[in-house]
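# Sequence first, predicted coordinates after that:
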Amino acid sequence: MLSFLPGPILATITSVFFISSIVFWALILFYPVLLLKIILTPTPWRKYADSILASIGECWVFTNNAIISLTQKIEWDVEIEGELSANESYLMTANHQSWVDIVVLQRMFTGKRKVPFPRFFIKQELIWVPILGLCWWGLDFPFMKRFSREYLAKNPHMRGKDVEATRKACAHFKEKPVSIINFFEGTRFTTVKQRRQLSPFKHLLKPKAGGAAFTLSAMDGAIKNLIDVTIVYPSGEKQFGDLFTNRVRKIIVRTKIIEIPTAYLSSDYEGDEKFRAEFQAWISRLWIEKDAQIETILAKEHAADTSA
């Protein structure tokens, strides 16, 4: 363990390890197979390249987990309600506070091979992120472009194009198990955003149900369960800078598996007003429970700190 080192030195070492991981797994191993995948795309052999890329992705995540374990001293408090399977497809969501959440989800569900390799929806513009953009594309992370209501009002001919793009991005996942991460809040939590939204929740932003509904519709019933994850950083430190300098001392994760009502698996979210209201109400109930759960966890942590 290197967590005893001073913050600046530890941050430098951790950064070097992560950069080395990117160079090794992405540039040396991933990119050559990605080129092979491009060549094989018109043929049935593409699936073998996809399988190799997914394995490289899992090994890459395992390496990153090892780096965190080597350089940081983090207490993990984890509880999982329900059974998970690598042979089932899942929709996964979590409260979103920082990019560290991705590290947490990958550690929880990739390293131990509890579910199929998790992918998350990415804004189309992020394909241009150096090195990682092409890796996300090669791993079939769904790239999507959502249109605002204002844009659709001015360009009605584009209505439904975002849903069509989502359906196309998810099409090949119907043939193999997949875990798709969708942060219902749509963006990272900040108190500024919370006030701007007039969010009724103490620890969360308002959830956006559209992305989840689009994903379920695009998968045509292939996803039947939701992995609902609650992530709490008791100390409040939760940015990459904190993670790299051993300031994230404890991470609490609570997970439950929720069966998605059959009626929600393939309905028209945009066109069916009654369904849209029911689905939004279902997501809101989940968020009410999550907000209360976070409050309970933080209260227990505060009581423990006070009595210590």
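Arrived safely.

# Show me what counts as buried in the longest helix along the chain.
Longest among the helix segments of the chain by residue count, using DSSP state H, is helix 273-307. Neighbour counts over helix 273-307 (16 or more other C-beta atoms under 10 Å) mark 275-276, 278-280, 282-284, 286-287, 290-291, 293-294, 297-298, 301 as buried. Placement of C-beta: from N, CA and C, glycine included.

# Centre of the chain to the strand ranked longest in the chain, how far?
Longest strand in the chain by number of residues, with DSSP state E as the criterion: strand 250-259. Put simply, strand 250-259 sits 13 Å off its chain's centre (C-alpha atoms, centre = their mean, to the nearest Å).

# strand partners of that strand, parallel vs antiparallel please.
strand 75-81 (parallel), strand 225-232 (antiparallel) (DSSP bridges).

# now for the helix or strand Phe214 falls within, which elements pack on it?
Here Phe214 sits within helix 210-218, counting by DSSP states H and E. For helix 210-218, the packing partners by 3 or more C-beta pairs under 8 Å, 6 or more residues apart in numbering; DSSP states H and E come out as strand 90-94, helix 161-170, helix 273-307.

# and the shortest one, what other elements does it pack with?
Okay, so that is strand 90-94. Using 3+ C-beta pairs under 8 Å, 6+ apart, strand 90-94 is in contact with helix 100-109, strand 179-181, helix 210-218, strand 225-232.

# Quick one: mean pLDDT for that strand?
Averaged across strand 90-94, the pLDDT comes to 95.

# ok and that strand relative to strand 250-259, angle-wise?
Relative orientation of strand 90-94 and strand 250-259, computed by axes from the mean of the first three to the mean of the last three C-alpha atoms, to 10 degrees: 140 degrees.

# Buried residues in strand 90-94, which are they?
90-94.

# Could you export these as TSV, including distance to Trp76?
Listed next are these as TSV, based on distance: C-beta to C-beta, whole Å:
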residue	distance to Trp76
Tyr90	21
Leu91	24
Met92	18
Thr93	20
Ala94	15
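
# List just the nearest of the residues you listed to Gly186.
Thr93 (10.9 Å; C-beta to C-beta).

# Was I right to think the closest one contacts Asn225?
No: judged on C-beta atoms under 8 Å, Thr93 makes no contact with Asn225 at a distance of 11.7 Å.

# Pull the contacting residues for Asn182.
91-93, 120-121, 211-212, 215 (C-beta atoms under 8 Å, 6 or more residues apart in numbering).

# mind redoing it with 6 Å?
Residues counted as contacts of Asn182 (C-beta atoms under 6 Å, 6 or more residues apart in numbering) are 93, 211-212, 215.

# And stretch 18-32, what's buried?
18, 21-22, 25-26, 29-30.

# What mean pLDDT does it get?
96.

# for stretch 57-72, same thing?
In the prediction, stretch 57-72 has an average pLDDT of 94.

# Now do the buried residues in it.
57, 59-65, 67-68, 71-72.

# try stretch 100-108
For stretch 100-108, by 16+ other C-beta under 10 Å, it's 100-101, 103-108.

# With Arg285 as the reference, measure out to the residue positioned nearest the centre of the chain.
Nearest residue to the geometric centre of the chain (C-alpha atoms, centre = their mean): Ile181, 3.9 Å. As for Ile181, its distance to Arg285 is 21 Å (criterion: C-beta to C-beta, to the nearest Å).

# now Ala94
17 Å.

# do Ala66 as well
38 Å.

# same question, Asp77
25 Å.

# swap in Phe240?
33 Å.

# Also Trp60?
36 Å.

# Could you do Ile297 as well?
19 Å.

# swap in Thr230?
14 Å.

# Which pLDDT value goes with Tyr48?
90.
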